[in-house]
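**Student:** Predicted coordinates and the sequence they were generated for:
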Amino acid sequence: MDLKLKGKVALVLASSQGLGKAVAASLVREGATVAISSRNADTLMATKIEIGAALAVPVDLSVKGSSFKLVAEVEKALGPVDILITNAGGPPKGSFMETKTEQWVSGFEGLWISVIESIQAVLPQMKARQWGRILMITSTSAKEPIANLTVSNGIRAGLAGMANSLSQEVGALGITVNVIMPGYMMTERLKELGVSLDKIKEQVPAKRIGNPEELGDLAAFLSSEKAAYINGQSIAIDGGRLRGI
């Protein structure tokens, strides 16, 4: 299927590895001109070469204002951003009482402010061109909390509400805003959580852990014109683990 992404400029946040990298790679394969970003410059440059990204910009998005600088650099090099994929690494695990105020602040800056600023930076140009795709990669924890991921559970759920609200403001302008909620995917983050892979597989109707490439292909489709009537949605890709409607 030709998703007709050739000529579209895409910016993928936190994309030197894991899910962000998989999304960027899928967009590159579909012909988009892709900019990637991450804090780790060495890993980022290696990924740029590996997947054939057009631009790699090292940046720490937890620093306020950095998203605006990132988008400005991408626009200067590649042109206005047509597709924005927001993504961020998960905050440290911990129960509510174990989580300190400083960790809430850090999580808010990394998971929330970076998303808001990135959207604020790209939206004016999208409105002017009457076309745009905004995708937020969050987690199924936004819909069904995961034990000991308190910060992620709270903040990612808020992003879903924000996405739905924004979609109603910009839907008539040819701009879609959607959320992708990955379940258990074979990434470094899964290894960091130290959970049993066999136990996870038993919880998932598909009886396996997801591949990042599967999420990347979903993101590419939602970034295309073929997904123009999908807006304001939170879409799980979790092998059927979520039981709610």
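**Tutor:** Yes, it's here. Numbering: from 1, shown residues only.
**Student:** low-confidence ranges in this protein?
**Tutor:** Along the chain, segments meeting pLDDT under 70 span 90, 191-194, 244-245.
**Student:** where along this structure do the strands fall?
**Tutor:** With DSSP state E as the criterion, the chain has strands at 9-12, 33-38, 55-58, 83-86, 132-137, 175-182, 234-237.
**Student:** what about the residue in the chain sticking out farthest from the centre, distance to residue 113?
**Tutor:** No residue in the chain sits farther from the centre than residue 97, which is 28.1 Å out by C-alpha atoms, centre = their mean. Going from residue 97 to residue 113 by C-beta to C-beta, to the nearest Å gives 25 Å. Bear in mind the C-beta positions are built from the backbone N, C-alpha and C, glycine included.
**Student:** how about JSON lines for the strands of the chain, with distance to residue 65 and mean neighbour count added?
**Tutor:** Listed next are the strands of the chain as JSON lines, based on distance: least, C-beta to C-beta, whole Å; neighbours: other C-beta atoms under 10 Å:
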{"stretch": "strand 9-12", "distance to residue 65": "16", "mean neighbour count": "29"}
{"stretch": "strand 33-38", "distance to residue 65": "14", "mean neighbour count": "28"}
{"stretch": "strand 55-58", "distance to residue 65": "14", "mean neighbour count": "18"}
{"stretch": "strand 83-86", "distance to residue 65": "16", "mean neighbour count": "27"}
{"stretch": "strand 132-137", "distance to residue 65": "20", "mean neighbour count": "26"}
{"stretch": "strand 175-182", "distance to residue 65": "22", "mean neighbour count": "24"}
{"stretch": "strand 234-237", "distance to residue 65": "28", "mean neighbour count": "18"}
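**Student:** Reformat those strands as JSON lines; add distance to residue 19.
**Tutor:** Formatted as JSON lines, the strands of the chain follow (distance: least, C-beta to C-beta, whole Å):
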{"stretch": "strand 9-12", "distance to residue 19": "10"}
{"stretch": "strand 33-38", "distance to residue 19": "12"}
{"stretch": "strand 55-58", "distance to residue 19": "17"}
{"stretch": "strand 83-86", "distance to residue 19": "10"}
{"stretch": "strand 132-137", "distance to residue 19": "6"}
{"stretch": "strand 175-182", "distance to residue 19": "6"}
{"stretch": "strand 234-237", "distance to residue 19": "10"}
